[in-house]
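>>> The sequence and its predicted three-dimensional model are supplied below.
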Amino acid sequence: MHPLYPHLFTPLDLGFTTLPNRVLMGSMHTGLEEKKDDLRALAAYFAARARGGVGLMVTGGISPNRQGWLAPFGAKMSTRGEVVKHQNVTTAVHAEGGKICMQILHAGRYSMHPLLVAPSPLKAPISPFKPWGMSQRLIRATINDFANAAALSREAGYDGVEIMGSEGYLINQFIAPRTNHRRDDWGGSFENRIRFPLEIMRKVREKAGKDFIVIFRVSMLDLVDEGSSWEEVEQLALAIEAAGATIINTGIGWHEARVPTIATLVPRGAYAWVTKRLMGKLSIPLIATNRINTPEKAEEILREGYANMVSMARPFLADPDFVRKAQAQQANEINTCIACNQACLDQIFKGKTASCLVNPRACQESQITNRKSQIVNPKKVAVVGAGPAGLSAATELAAMGREVHLFEASGEIGGQFNLAKRIPGKEEFHETLRYFGKMIEKNGVVLHLNTRVDADFLIKNNFSEVVVSTGVVPRTPNIEGIDHPKVLSYLDVLLHRKPVGKTVALIGAGGIGFDVATFLTDQTPSHSSISDYQSEWGIDAQYEHRGGITKPQPEHPPRQVWLLQRSKGKVGERLGKTTGWAHRITLKSRNVQMWNEVEYLKVDDAGLHITVKGLPQLLEVENVVVCAGQEPMRELYTPLLAAGIKVHLIGGAKEAAELDAKRAIEEGFQLTISE
Ligand code: FAD
Ligand code: NAP
Ligand code: SF4
């Protein structure tokens, strides 16, 4: 029995095969599925996770036919040629002792191409295309395509399949009255609406054989109007079990739902309660999902009887060795997923390959191999500034064998992450600093806190190369009265905790403006509880309504905030694709006034004088907080160069515009120091 995580490391006997532990690496599209490399990069990606000890993995969604493509020329399994490519994946995984299922996903009305189909011709609110209603013949052909894809995946060497029946994709569109308006045998009554998933399940089992894992992902909480009721979810799960499923996985929320389900503001394990409602009703294992990112949370979910297994997807982008480290009782070395979506889902939505903000190696496994080298006479390198860029550079360079001295002016590592972690809903940022702290220790970086260094010091101390990662300083806009006592910077508010009045105008509505607005309008200083989150977003924890949603009960903000920008576009337009909408809804529900086309005239005792779309206005506010971007801080650069020292500029010190932690960490990681 494992001393720390006994439930997590209990094997799961499926009858014809046994999983070594209770961790499923959940399905996640990375973009490697569509690469023209015979799936070799995808194979390397999964092989790394198999090596890390995860019990079972599921690929990103693979369509059973062309109509079901997520996007034109998306991944598909319907031909022998595709079988051969997928053999590269399964062979690599099995060589590492892992097990892998292929997810079969038909996108239905979420397909991003004009030939999309759905049970009824109803356009999804998040799609530009209206689907074609499916004929009965096409429905039967599609069921056969699912079964064919399962049989082919078995030929390709997969240990099983996952049938994607949730998140609002085709199968889910048949099940819910919201999207199924048919009047034939495939719509209307509940029995008719679930005919499609049941026929698929039966046919898949028939064609793929008995000794093949079939996971069915049931949408247990649709989070949209006219979704399934709880009674329907329960009946469907029982019927899916009877039709031959090996395991039932949990699906939470359709993609068109306006409730964040995986963003960092969602408390850990916030949806395990939904899976628990089904526990004891079935005889096959149940998997809990969403915002499970630590072994402690996973163990708690299993121990408290919420599920038989836990699914994590993004945490395996952040750290392929998650399971191995937990098993070795080294959980403090796990690079934790902070649920930011910045380098994974946001990239996928831009049509790019996913990676990970905290782990730039993710999805690059076939290119970046082991960079560790045995250096006999290591160079003495200085890294100045322990923000995300400096931390990433220092720990990587030390892992490669350099003697690294990391200098930080303040008393703690982290740079601006120490501000980010104070924003309600961004507490996960603590984990990245915990991880880097551990890597500093493990890789032997010599850390000098409370040490602001200058060029003279670095020159005198014979550093052969210097990495300047000194970050940024807040920009002070040129506005009359900007030195008025009522004007504060975001550092004053977040770092120095200066008191802020009941009426506040924020100059600048970028990522930091939004975060400061969230901070100033939040009632609770710490991470909200699951019940606070449920009431703020209208999640029906009693499950009395279809789809599990009810009226949101937003927080009463402690002050009135105006969030202002000069430019014309929608306020918050440049925030992340998969999270920006949730930040906008949060602030709107707290009555934050978001104004664009603002010109700042002056600040005086009366308040902030502005024009809005050319019309003069006075905001009679007690405070004005400046969140107007930043300027790079790189005063070390020129004198060091002049002294003939090799200097590397990274992160905010290199370029403040469009800077985020993804870029900062990646630049630190990419840095190489010559022998
Ligand atoms: P910094 O983080 O600015 O670090 C520079 C470090 O250098 C500092 O610790 C400083 O003390 C030190 N230093 C400077 N000069 C010297 C010297 N001479 N000697 C020694 N030390 C020195 N980004 C995201 O991607 N996602 C987010 O959700 C996000 N949220 C944010 C929320 C807030 C409230 C803030 C303020 C920022 C947020 N960011 C976010 C931005 C992100 O934190 C920055 O992009 C990132 O920190 C930049 O990293 P850096 O290492 O280049 O610089
Ligand atoms: P930012 O996103 O560039 O926003 C700066 C804001 O200041 C803009 O609204 C800009 O809008 C305004 N501004 C710029 N110059 C100004 C001037 N001279 N006078 C008045 N207003 C001015 O930068 P940031 O908010 O400081 O964030 C810094 C970085 O951290 C960003 O790259 C951001 O992506 C990252 N971050 C990300 C998140 C996240 O959730 N992903 C959260 C926080 C921060 P106008 O020019 O229209 O006025
Ligand atoms: Fe997690 Fe962010 Fe990495 Fe995505 S980019 S895996 S959300 S830490």
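Noted; the coordinates are in hand. Ligands and ions are numbered 1, 2, ... in the order given.
>>> what's downstream of the longest strand seen in the chain, the next helix or strand?
Ranked by residue count under DSSP state E, the longest strand found in the chain is strand 213-221. Scanning forward in sequence from strand 213-221 by DSSP states H and E, the next helix or strand is helix 230-242.
>>> Could you tell me how far the next helix or strand after that following helix lies from the centre of the chain?
Counting by DSSP H and E, the element after helix 230-242 in chain order, helix or strand, is strand 247-252. From the chain centre to the centre of strand 247-252 is a distance of 19 Å (CA atoms, centre = their mean, to the nearest Å).
>>> swap in stretch 629-648?
34 Å.
>>> And for that stretch, what's in contact with it?
384, 393, 453-456, 458-459, 463-468, 470-475, 508, 510, 649, 652-657, 659, 671, 673 (CB atoms under 8 Å, 6 or more residues apart in numbering). C-betas here are computed from N, CA, C, even on glycine.
>>> for stretch 470-483, same thing?
With CB under 8 Å, 6+ apart, stretch 470-483 has contacts from 384-385, 387, 389, 415-416, 487, 489-491, 507, 600-604, 626, 628-636, 651-653, 656, 659.
>>> What subset of those is buried?
Buried members of the contacts of stretch 470-483, scored by 16 or more other CB atoms under 10 Å, are 384-385, 387, 389, 415-416, 487, 489-490, 507, 600-601, 603, 626, 628-630, 632-634, 636, 651-653, 656, 659.
>>> In helices, which of those residues appear?
Using DSSP state H, the members of the buried ones among the contacts of stretch 470-483 that fall in helices are 389, 490.
>>> among the buried ones among the contacts of stretch 470-483, which are within reach of ligand 1?
384-385, 387, 389, 415-416, 633, 651-652, 659 (CB under 6 Å from any ligand atom).
>>> Spell out which parts of the protein neighbour ligand 1.
Going by CB under 6 Å from any ligand atom, the residues of the chain near ligand 1 are 340, 342, 384-390, 407-410, 415-417, 419-420, 423, 452-453, 469-472, 494, 511-512, 515, 633, 651-652, 659-662, 664.
>>> which of those residues count as buried?
Buried, going by 16+ other CB under 10 Å: 340, 342, 384-390, 407-410, 415-417, 419-420, 423, 453, 469-472, 494, 511-512, 515, 633, 651-652, 659-662, 664, out of the residues of the chain next to ligand 1.
>>> what subset of the residues of the chain next to ligand 1 is also close to ligand 3?
340, 342.
>>> V647 looks like it's in a helix, true?
No. The assignment for V647 by DSSP: H, G, I helix; E, B strand; the rest coil gives strand, which leaves it out of any helix.
>>> Just give me the neighbour total for the nearest residue to it once chain neighbours are set aside.
Distances taken as CB to CB, 6 or more residues apart in numbering place L640 nearest to V647, at 4.8 Å, with adjacent residues excluded. By the criterion of other CB atoms under 10 Å, L640 has 24 neighbours.
>>> and if you look at A44?
21.
>>> I'd guessed it sits against I368; true?
No. A44 lies out of contact with I368 (CB atoms under 8 Å); the separation is 9.8 Å.
>>> Now do the SS call for the residue nearest to V647.
Assignment for L640 (three-state DSSP): helix.
>>> Likewise for the one 4 residues further on?
Each residue gets one of three states, and G644 gets coil by three-state DSSP.
>>> And it, how far from L105?
58 Å (CB to CB, to the nearest Å).
>>> So for the two, which residue has more residues nearby?
L105 (31 against 7).
>>> Beta-bridge partners for the closest residue to the more buried one other than its chain neighbours, please?
Once flanking residues are discounted, L105 sits nearest to G61: 2.9 Å by CB to CB, 6+ apart. When bridges are called by DSSP bridges, G61 pairs up with Q103.
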